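Asker: Provided below are the primary sequence and the corresponding predicted coordinates.
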Amino acid sequence: MPEGWVHATIDLIVYGRPYFDIHKNKDEAFLRLGKAHRKIKHEWYQAFGKKWTFDDPFPDFLKGLISEIRGACGSDKAEKQMVYWDHDYFDRIWKNLSEKQRKYCKGAFAWIINNPMFLKNWAGVDVLEGKIKRVIDGQEVWEICPELKSEYHRLHCYVKTVIEYDKDLQDMLKCN
């Protein structure tokens with residue numbers, strides 16, 4: 001299972017927000033159950049091979065559910081539901097990676113978090129100004145999201161601490 005900061009970084013890249021609360025909620029049983037925690041609150045993880053595969057990770061019926069949620073409850077609720085399902089998708093991917101591949105992923109994500117201008121230009125997430133680039137009605141707009149600054153600060157501090165205690169990540173992130 002990837003650490004919370006890895007999930008949060010993926011969310012920041014994909015959705016413009018780290019969504020710590022969703023991942024904390026999904027993985028709260030980990031302390032009691034270890035790897036078996038995925039039997040609780042990981043419905044999409046359990047549905048692998050039955051309702052979805054790596055070739056079709058988000059089938060049409062799921063896209064339809066997201067559209068229904070967006071119509072009934074709004075875009076924010078739909079996005080949070082996507083984050084909830086994406087968590088399980090990424091857990092499945094992570095399970096298939098070797099330790100070396102996981103370490104390289106962590107190195108890449110740590111580098112991204114430490115480079116806010118890259119985040120802005122590549123992912124459309126301006127963590128310094130609190131803006132997320134969105135496509136609304138076919139138009140690119142910078143949506144104001146003031147809480148993004150503090151969420152990024154929290155994630156950045158978390159990643160700095162992880163790097164402090166991980167020699168391999170320190171070595172990966174050195175500029176020669």
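Answerer: Looks like it came in fine.
Asker: List the buried residues of stretch 89-99.
Answerer: By neighbour count on 16 or more other CB atoms under 10 Å, the buried set for stretch 89-99 is Tyr89, Phe90, Asp91, Arg92, Trp94. For every residue, glycine as well, the C-beta is placed using N, CA and C.
Asker: Out of those, which comes closest to His153?
Answerer: Comparing the buried residues of stretch 89-99 against His153 with CB to CB places Phe90 closest, at 23.3 Å.
Asker: Show me the longest helix that occurs in the chain.
Answerer: Counting by DSSP state H, the longest helix found in the chain is helix 75-95.
Asker: Point out the other helices and strands that that helix packs with.
Answerer: Other helices and strands packing on helix 75-95, by 3 or more CB pairs under 8 Å, 6 or more residues apart in numbering; DSSP states H and E, are helix 4-15, helix 20-26, helix 43-46, helix 60-73.
Asker: what's the last one packed up against?
Answerer: Taking 3+ CB pairs under 8 Å, 6+ apart as the contact definition, the neighbouring helices and strands of helix 60-73 are helix 75-95.
Asker: picking up where we left off before, for the longest helix of the chain, the averaged confidence score.
Answerer: On average, the pLDDT along helix 75-95 is 92.
Asker: Return the per-residue confidence for Tyr152.
Answerer: So Tyr152 comes in at 98 (pLDDT).
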